[in-house]
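S.K.: how does the following fold in three dimensions:
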Amino acid sequence: MAKKDVSASRQATITAQPRLHQRAPEIQAYGTVSHGLPLELEEPVRLEMTEQLNLLLADSITLRDLYKKSHWQVAGPTFYQLHLLFDKHYAEQVEIVDEIAERIQLLGGVSLAMAADVAETTRIERPPRGREEVPVQISRLLDAHQIIIGHCRELSRRASDLGDEGTNDLVVSDVLRPNELQGWFLTEHLVDVPLVHAIDPGVRKAG
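M.R.: Down below sits the predicted model:
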């Protein structure tokens, strides 16, 4: 009889009406790690790694969006090539961002997600809303890469020292190396070489 009452009660609550505007307390606070995950990593290690990974995440999200801004606003004779390159790098940064965020969740942490939180956390300089010249766009992107690459080197060593080889592998393989490669592609666009004719050897020597 009790089972029938429970079933009837449950059926009475089922409705096609959407339950809108729902709110509830957080199920996990930012800056904490959940317990019971079979990772063989102590809580202090996971707390430190998730904190550092969230900083890396904020910078990577900012770089990702800086690439999209550059993709939309690039101008000049190299427009087509850079328009495509910036979008390619943007897509690669999308993958990097997802890998970092999922690692944070895997470690039991809470990943940053919203633009306001990212803006408060990132160390990358905020660009103006308007359009900038290509050399400035590229320089901004390279500065952002430099911040991320430097952090990757520090974080990978620290993760290895703490025995978190999973984070070490992620940072080196999925973040550091792609950022190095993208930085190389950008740097070559700032080499001042003629587009149409070579400089006469005599003129080059005299200069």
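S.K.: contact partners for residue 113?
M.R.: For residue 113, the contacting residues are residue 101, by Cβ atoms under 8 Å, 6 or more residues apart in numbering. For every residue, glycine as well, the C-beta is placed using N, CA and C.
S.K.: on the pLDDT front, check it for me.
M.R.: Confidence per residue is given as pLDDT, and for residue 113 that number is 97.
S.K.: report pLDDT for the residue positioned nearest the centre of the chain.
M.R.: Among the residues of the chain, the smallest C-alpha distance to the mean C-alpha position (Cα atoms, centre = their mean) belongs to residue 60, namely 2.6 Å. The confidence metric pLDDT takes the value 98 at residue 60.
S.K.: give me the below-cutoff pLDDT ranges for the protein.
M.R.: By pLDDT under 70, the low-scoring segments of the chain are 1-12, 203-207.
S.K.: which parts of the helix ranked longest in it are buried?
M.R.: Scanning the chain for the longest helix, with DSSP state H as the assignment, gives helix 43-73. Of all the residues in helix 43-73, those buried under the rule 16 or more other Cβ atoms under 10 Å are 45-50, 52-71, 73.
S.K.: so which elements touch it?
M.R.: Counting contacts by 3 or more Cβ pairs under 8 Å, 6 or more residues apart in numbering; DSSP states H and E, helix 43-73 is packed against helix 79-106, helix 115-121, helix 134-161.
S.K.: would you mind getting the angle between the first one and helix 134-161?
M.R.: Regarding helix 79-106 and helix 134-161, their directions subtend 20 degrees when assessed with axes from the mean of the first three to the mean of the last three Cα atoms, to 10 degrees.
S.K.: what packs against helix 79-106?
M.R.: For helix 79-106, the packing partners by 3+ Cβ pairs under 8 Å, 6+ apart are helix 43-73, helix 165-169, helix 177-187.
S.K.: adding distance to residue 119, write these out as JSON lines.
M.R.: Converted to JSON lines, the helices and strands packed on helix 79-106 look like this (distance: least, Cβ to Cβ, whole Å):
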{"stretch": "helix 43-73", "distance to residue 119": "8"}
{"stretch": "helix 165-169", "distance to residue 119": "25"}
{"stretch": "helix 177-187", "distance to residue 119": "21"}
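S.K.: among those, which is nearest residue 199?
M.R.: Set against residue 199 and scored by Cβ to Cβ, the helices and strands packed on helix 79-106 come closest in helix 177-187, at 20.7 Å.
S.K.: list the buried residues of that closest one.
M.R.: Taking 16+ other Cβ under 10 Å as the criterion, helix 177-187 shows 178-179, 182-183, 186 as buried.
S.K.: distance to residue 170 for those residues - can I get that in CSV?
M.R.: As requested, these are arranged in CSV below (distance: Cβ to Cβ, whole Å):
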residue, distance to residue 170
178, 12
179, 13
182, 17
183, 19
186, 23
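S.K.: ok, so of those, who is nearest residue 193?
M.R.: Nearest to residue 193, judged by Cβ to Cβ, of the buried residues of helix 177-187 is residue 186 at 15.5 Å.
S.K.: tell me who's in contact with that closest one.
M.R.: Remark: with contacts taken as Cβ under 8 Å, 6+ apart, residue 186 is in contact with 138, 141-142, 145.
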